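*Asks:* Turn this into a structure:
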Amino acid sequence: MRESVIYQDIQQEKALSIVLRLLRRKVGTVPPAQLLKIQALDSIQLDNLAEALLDFSGLSDLEAWLAQNQG
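*Replies:* Okay, the predicted model is just below:
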């Protein structure tokens, strides 16, 4: 079951939802351009972002992280 594409998609959506909620609490409103970049992250990158955002102090930290971890 855990190897099914549908299961993985659901897990990805849950992780994305959590990361976006945490980001909004940490840095405020996330601009649409950054939202698109975050939505394009794979599950490993989302996990890394979830951990890194604990140290963010503002939107510039998010932008720097995305610049370093895109692609």
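
*Asks:* Surely Ala52 touches Ala64?
*Replies:* No - using Cβ atoms under 8 Å, Ala52 makes no contact with Ala64, being 9.8 Å away. Backbone N, C-alpha and C define where each C-beta goes, glycine included.

*Asks:* higher neighbour count, the two?
*Replies:* Ala52 (15 against 12; other Cβ atoms under 10 Å).

*Asks:* Could you list which residues are in contact with the more buried one?
*Replies:* Trp65 (Cβ atoms under 8 Å, 6 or more residues apart in numbering).

*Asks:* What distance do you get for Ser4 to Glu51?
*Replies:* 26 Å (Cβ to Cβ, to the nearest Å).

*Asks:* What's the per-residue pLDDT of Ala50 here?
*Replies:* Per-residue confidence (pLDDT) for Ala50: 95.

*Asks:* any idea whether Glu3 is helix, strand or coil?
*Replies:* Put simply, Glu3 is coil when judged by DSSP: H, G, I helix; E, B strand; the rest coil.
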